[in-house]
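Asks: Sequence unavailable; structure follows:
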């Protein structure tokens, strides 16, 4: 099935460093979402983006909806140990028949060294 | 915020038996819920869309007779894995959206199914 290209696949960084990850697709999305998942739990929504070009922040997290509607990035500033987890981008397809359906990226595993 | 509750969180069953997983929206009504499956170290793959009061819509490659979905009310959808086999062992996650179409999807905490 369809899938988003998310990179990098994994990151191992020092506490305090900034982090950047992105997703690209050949399809156009009308919504981009970023989720964080910890082991054994469901994904938790971090940021939702609804308009091309939109730049939204949530604390130390900032995400942007690409102007072409085919990409998005997530930045985490001044990382802390509790940022550890798997980050997923998700795009919602256009069209009424696809309402609510999300396509997920492969995930970025983030590890933070104290 | 919107809360989606999933039960059970873990289940172990024997091959050939059936397992039911519940997904509830606790503080909102969801006409549509979604069921995902996630294998270890992989992403979430959509299995089916559960529609309140009508038949579920299954993604290509997902057997509707094996993964029975019932969305009997605006706050409850169930997924039954019938005649489970070891290859059905996985992490099953549901999600739901508030009736307002502009709201984002919220996910349950998932159900870890192990078939022995």
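Replies: Arrived safely, thanks for sending. For clarity, every value in this text was computed on a predicted model and none was experimentally measured.

Asks: Touching, residue A:93 and residue A:25? I think so.
Replies: No. Judged on CB atoms under 8 Å, residue A:93 makes no contact with residue A:25 at a distance of 9.8 Å. Placement of C-beta: from N, CA and C, glycine included.

Asks: in what helix or strand does residue 22 lie?
Replies: This is for chain A. Taking DSSP states H and E as the criterion, residue A:22 maps to strand A:19-24.

Asks: The chain in question should be chain B.
Replies: Per DSSP H and E: strand B:19-25 holds residue B:22.

Asks: Could you list the contact residues of chain A toward chain B?
Replies: Proximity of chain A to chain B, by CB under 8 Å from any CB of the partner chain, involves residues A:1, A:3, A:31, A:33, A:35, A:40-45, A:48, A:50, A:88, A:90, A:99-107.

Asks: and if we set it to 6 Å?
Replies: By CB under 6 Å from any CB of the partner chain, the residues of chain A that approach chain B are A:33, A:41, A:42, A:43, A:45, A:48, A:100, A:104, A:106, A:107.

Asks: okay, the residues you listed in CSV with pLDDT next?
Replies: As requested, those are arranged in CSV below (pLDDT from 0 to 100):
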residue, pLDDT
A:33, 94
A:41, 91
A:42, 93
A:43, 94
A:45, 92
A:48, 93
A:100, 69
A:104, 92
A:106, 94
A:107, 96
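
Asks: Residue B:17: which of those is nearest?
Replies: Top of the list for closeness to residue B:17, among these and by CB to CB, is residue A:42 at 24.5 Å.

Asks: Test of understanding: give the bridge partners of the nearest residue to that closest one once chain neighbours are set aside.
Replies: Leaving aside its chain neighbours, residue A:42 sits nearest to residue B:107 (3.8 Å; criterion: CB to CB, 6 or more residues apart in numbering or on different chains). With beta bridges defined as DSSP bridges, residue B:107 has these partners: residue B:95.

Asks: Might you report the residue contacts of residue B:107?
Replies: Residue B:107 makes contact with A:42, A:43, B:93, B:95, according to CB atoms under 6 Å, 6 or more residues apart in numbering or on different chains.

Asks: Kindly report the same for residue A:19.
Replies: So residue A:19 contacts A:76, A:79 (CB under 6 Å, 6+ apart).

Asks: Check the gap between it and chain B for me.
Replies: To chain B, residue A:19 is 19 Å away according to CB to the nearest CB, to the nearest Å.

Asks: bridging residues for that residue?
Replies: residue A:76.

Asks: burial of the nearest residue to residue B:96 once chain neighbours are set aside, as a residue count?
Replies: Counting by CB to CB, 6+ apart, residue B:96 lies nearest to residue B:30, which is 3.8 Å off, once chain neighbours are set aside. Burial of residue B:30 is recorded as 28 neighbouring residues (other CB atoms under 10 Å in any protein chain shown).

Asks: okay but residue A:29 is in contact with residue A:91, surely?
Replies: Yes. Residue A:29 is within contact range of residue A:91, at 3.5 Å (criterion: CB atoms under 6 Å).

Asks: who has more neighbours, the two?
Replies: Comparing residue A:29 with residue A:91 by neighbour count (other CB under 10 Å), the higher total belongs to residue A:91, at 29 against 26.

Asks: what's the weakest-modelled helix or strand in chain B?
Replies: One helix or strand of chain B scores below all others by mean pLDDT, DSSP states H and E: strand B:106-107, with a mean of 88.

Asks: any chance of the contacts of residue B:107 in CSV, with secondary structure, distance to residue B:58 and neighbour count too?
Replies: Shown next, in CSV, are the contacts of residue B:107 (DSSP: H, G, I helix; E, B strand; the rest coil; distance: CB to CB, whole Å; neighbours: other CB atoms under 10 Å in any protein chain shown):
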residue, secondary structure, distance to residue B:58, neighbour count
A:42, coil, 21, 22
A:43, coil, 22, 30
B:93, strand, 16, 25
B:95, strand, 16, 29
